[in-house]
Each structure stands twice: as structure tokens, then as C-alpha cells.
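Got a predicted structure plus its sequence, pasted below:
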Amino acid sequence: MLENLKKIADLLPEGLSETAVEELVQLCQEAVTEEIDKEMRILESKVDGFIRTKITDLREQARKELEQDDVILREARAYRKLRQLIAEDVESQDVDSVVAESKEQIQDLEGKISRLNEKLDAALRENQMLNDKSVDLIEENAKLSEKSKLPAKLRESAVVITNETDVEAVTRNTSNNPFLTEQNINLAFDK
């Protein structure tokens, strides 16, 4: 390196100041450093690639040797081959019996679902009827509450209570509930 610097110094014209020479030396050093860095990066990437390739090759070789030496891996391969042969030999009868059994289970489940749907529909209808009746009772309760707030007046009317039931009134009030039939109501009043 010193020889190259002396050659460069000899080529420079005389009369240059020391600062100019130092600047030229510094520029030369920067140029050389940049070139070295660039070459180092190229070499590093090449070395990295080479090392990666060798590592991959070593891994592959190690895996092959392990597979050759390892009894468990050989037996696993043999098991896979045997299983494949057995799978190919399965008869269509076996498949058909499994399919038939699955169809039976599906039909059984569909029957259960159908019965549950019927029960659900009945419960929903009953719930709707009870809801309607509760709405009617709430309205009637509100009316009675308002009447109870009014001052009491003497009326010239009388209420007649008999054991005979008014069938039309009972039927009209309970038409939303299939459980309150005319017979059930008559049973309730016959004490």
C-alpha cells in the first residue's frame, strides 16, 4: 500500500500543498474502502448461499441416514404400505353395510327430530293461547282497577247467582284455550 501511495505521489505535480495531497489521499482511501465493501458484500452473499446449500445437503443426507438406520421409521413405512394394501382390498359389501347402518341412524334421528318438532309446535300453540288469555286478563284487571277507584254508588239493580251456566258466555271467554271446555267448566261449578 505504501508503494502505491509513493507512486501516486510521484505522479502528482509538484507545488501541490499538503492539504491538497491529504485530500487526494483521503479520496483515494474512500474509493478503495467503498470498492472493498462492495466486494465484501458480494463475497458474503456468495458464502451465505454456499453455506445454505451445504446445510440443506447435510440435512438431507442426515435424514436419509436416519431413515436407513431407524427401525421405527422403517416399520412406519411398512405399516403405511400394509394399510394401503388393506384399504384397496376392502370389499364393497363392507362399504354398503356401513352406508346402510348410517342411513338407519339418519332415519332414526329424523324421526326423533320430527316428533320433537311436533311437540314444539304444540307447546308454541299453547303458549300463544296462554299469552292471549293473559293479555285479556291484564286488560280486564286494568278495567276492574279503574272501576274500583271510582266512588261507590247505590244501584237499583240486583245480581242473580244461579248454578246454571251461560254456555255462550263461557264459550266466548274460553275460545282461545282448548283445555277449558264446556265440560271442564261445568265440573268446576258443580261442587
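Done, it's in.

Show me the helices in the protein, by range?
2-11, 18-69, 71-89, 92-149, 167-173, 182-189 (DSSP state H).

Same list (those helices) but as JSON lines, adding mean neighbour count and mean pLDDT.
Where C-beta positions appear, they are placed from N, C-alpha and C, glycine not excepted. Formatted as JSON lines, the helices of the chain follow (neighbours: other C-beta atoms under 10 Å; pLDDT from 0 to 100):
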{"stretch": "helix 2-11", "mean neighbour count": "9", "mean pLDDT": "72"}
{"stretch": "helix 18-69", "mean neighbour count": "10", "mean pLDDT": "87"}
{"stretch": "helix 71-89", "mean neighbour count": "10", "mean pLDDT": "79"}
{"stretch": "helix 92-149", "mean neighbour count": "10", "mean pLDDT": "88"}
{"stretch": "helix 167-173", "mean neighbour count": "12", "mean pLDDT": "49"}
{"stretch": "helix 182-189", "mean neighbour count": "12", "mean pLDDT": "75"}
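
Now do residue 190, the pLDDT please.
We have a pLDDT of 69 for residue 190.

One more: residue 159?
At residue 159, the model reports a pLDDT of 56.

roughly how far apart are residue 124 and residue 51?
74 Å (C-beta to C-beta, to the nearest Å).

start to end distance for stretch 80-100?
Stretch 80-100 has its terminal residues 29 Å apart, counting by C-alpha to C-alpha, to the nearest Å.

Off-centre distance for that stretch?
Averaged C-alpha coordinates place stretch 80-100 at 33 Å from its chain's average position (C-alpha atoms, centre = their mean, to the nearest Å).

again, but for stretch 139-149
That offset, for stretch 139-149, works out to 53 Å (C-alpha atoms, centre = their mean).

Just the CA coordinates for that stretch, please, in CSV.
These are the backbone C-alpha positions of stretch 139-149, laid out as CSV (Å, rounded to 0.1, in the frame of the first residue of the first chain):
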residue,chain,number,x,y,z
GLU,A,139,-107.0,-5.7,30.2
GLU,A,140,-109.8,-6.9,32.4
ASN,A,141,-107.8,-6.3,35.6
ALA,A,142,-107.0,-2.8,34.4
LYS,A,143,-110.7,-2.1,33.8
LEU,A,144,-111.6,-3.5,37.2
SER,A,145,-108.8,-1.4,38.9
GLU,A,146,-110.3,1.7,37.3
LYS,A,147,-113.8,0.8,38.5
SER,A,148,-112.5,0.1,42.0
LYS,A,149,-111.1,3.7,42.1
